[in-house]
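Chemist: Predicted model follows, preceded by the sequence.
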Amino acid sequence: MACLLEKAVAVTKCHKKVKGIQKHYVRKRVRHQHFVEVLKNAQSTTMSTFRTFRLTNHVVSTVEITKSCLCTFHDKRYILHDGVHTLAYSHFSLNVRASDL
């Protein structure tokens, strides 16, 4: 999840990236304010619901999918005490800290 808000002289552009969510959904429904709200409220997540085509056993069908769109939970990173910096769970300094305990 990433959002970059560019403010130029006459035009404001917002570059949004959400992993696993279709581009048209992000373009039409996800706003910069949604990113800010999720980051300020660490417990909140947003869900997205959209329809797509799926092919199963050579049969085309439309399905409605509900996915987690914006979430602050990092399952592959260890968040340090300052709440900003992170390390991968396999980082060498985390092993040293665990053995110090």
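Modeler: Cool, got the structure.
Chemist: where exactly do the helices run in the chain?
Modeler: Secondary structure of the chain by DSSP state H: the helices cover 23-29, 32-40, 92-100.
Chemist: Which one, of those helices, ends up nearest to Leu4?
Modeler: Distance to Leu4, taken as Cβ to Cβ, is lowest for helix 32-40 among the helices of the chain, at 9.1 Å. (Each C-beta comes from the backbone N, C-alpha and C, glycine too.)
Chemist: export that closest one as PDB, just CAs?
Modeler: Presented in PDB, the C-alpha positions along helix 32-40 are these (Å, rounded to 0.1, in the frame of the first residue of the first chain):
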ATOM      1  CA  HIS A  32      -5.700   9.700  -0.600                       C
ATOM      2  CA  GLN A  33      -7.800  10.400   2.500                       C
ATOM      3  CA  HIS A  34      -8.400   6.600   2.800                       C
ATOM      4  CA  PHE A  35      -4.700   6.000   3.100                       C
ATOM      5  CA  VAL A  36      -4.400   8.700   5.800                       C
ATOM      6  CA  GLU A  37      -7.300   7.400   7.800                       C
ATOM      7  CA  VAL A  38      -5.900   3.800   7.800                       C
ATOM      8  CA  LEU A  39      -2.400   5.000   8.900                       C
ATOM      9  CA  LYS A  40      -3.800   7.200  11.700                       C
END
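Chemist: Pick the most buried one from the helices of the chain.
Modeler: For those, ranked by mean neighbour count under the definition mean count of other Cβ atoms under 10 Å, the leader is helix 32-40 at a mean of 14.
Chemist: Now tell me what touches that one from outside.
Modeler: With Cβ atoms under 8 Å, 6 or more residues apart in numbering as the test, helix 32-40 has contacts from 1, 3, 5, 14, 16, 44-46, 70-72.
Chemist: Make CSV from these and add neighbour count, pLDDT and distance to Arg54 to it.
Modeler: What follows is the contacts of helix 32-40, written out as CSV (neighbours: other Cβ atoms under 10 Å; pLDDT from 0 to 100; distance: Cβ to Cβ, whole Å):
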residue, neighbour count, pLDDT, distance to Arg54
Met1, 17, 70, 25
Cys3, 19, 80, 29
Leu5, 12, 80, 34
Cys14, 13, 83, 30
Lys16, 18, 86, 25
Ser44, 13, 75, 29
Thr45, 12, 80, 24
Thr46, 17, 83, 23
Leu70, 19, 86, 24
Cys71, 14, 81, 24
Thr72, 14, 76, 30
